[in-house]
Structure formats: structure tokens, C-alpha cells
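K.L.:
give the three-dimensional model of this entry:
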Amino acid sequence: EVQLVESGGGLVQTGGSLKLSCAASGFTFEALNIGWFRQAPGKEREGVSCTSSTDGNTYYADSVKGRFTISSDNAKNTVFLQMNSLKPEDTAVYLCAAGWHSCDDYWGQGTQVTVSS
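P.N.:
Residues are numbered from 1 along each chain as shown. Take a look at the predicted model:
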């Protein structure tokens with residue numbers, strides 16, 4: 001069974017940083033694309049970043065380019081999202097996700113990130 005467990009969310013001021021972690025289990029970590037989505041109240045779920053297992057290419061949403069960085073520790077089956085220069089509009093539930101052809105076949109429960117102005 002694929003399991004994705006996020007941690008690291010919290011409350012931070014505008015301009016601050018947070019690092020989210022996602023511990024993955026139940027599958028060969030390198031076999032799936034893995035990344036992050038977010039969902040703010042009243043808004044559609046948005047893809048934040050996704051790393052391809054095939055070629056290592058990484059997608060970032062335009063809204064986070066230059067501020068967020070995805071990385072992974074394959075030995076620990078963990079993916080991270082380093083978020084810098086946070087803005088109030090980054091406030092959302094952040095969900096770790098993995099998939100075979102994209103990044104959205106399997107989902108974690110999410111971790112709340114709140115950026116105060």
C-alpha cells in the first residue's frame with residue numbers, strides 16, 4: 001500500500017521559510033514521479049512541483065519558481081519542499097503526491113502552511 005506522510009507545515013511570517021517533508025512507503029521510491037500540490041480554501045488544487053522518475057526533470061508552478069525547491073533523499077524515501085520568501089497567497093494545505101505517469105495517483109493527507117501578512 002502506497003503511503004505518503006507529510007510534515008513540516010506551520011505558521012510563518014511573510015518572507016519566511018519552511019521546509020516540508022514527505023515520507024513515502026509501499027513502493028519503490030525511484031519508480032514513481034513524486035511532488036507537491038496545494039489547496040487553498042475556495043480554490044482548486046494546484047500543482048506546485050513534480051519530479052519525473054524517468055528523466056529527473058522537475059516541474060514548478062510559475063507562482064513558486066525561484067522560491068520553492070523540491071529535493072529528495074532516496075535512501076530515506078523522503079521528498080522535501082523548501083519554501084522561501086513565503087507570501088500570504090502561499091497559504092494552503094500542501095499535499096505530497098506520487099504517480100506513474102504524472103504526480104497524482106496517490107496522495108498524502110496534507111500539512112497546513114499559513115503565511116501571515
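
K.L.:
which ones are touching G99?
P.N.:
Counting by Cβ atoms under 8 Å, 6 or more residues apart in numbering, G99 makes contact with 32-34, 105-106. (Each C-beta comes from the backbone N, C-alpha and C, glycine too.)

K.L.:
partner residues bridging the residue positioned nearest the centre of the chain?
P.N.:
Central residue of the chain (Cα atoms, centre = their mean): W36, 2.6 Å from the mean position. Taking DSSP bridges as the rule, W36 bridges to S49, C96.

K.L.:
pLDDT at it, what is it?
P.N.:
Reading off the confidence values, W36 has pLDDT 98.

K.L.:
what does E30 give?
P.N.:
For E30, pLDDT reads 85.

K.L.:
make sure it is indeed in a helix.
P.N.:
Yes: counting by DSSP: H, G, I helix; E, B strand; the rest coil, E30 is part of a helix.

K.L.:
what is the burial count for G56?
P.N.:
By other Cβ atoms under 10 Å, 7 other residues sit near G56.
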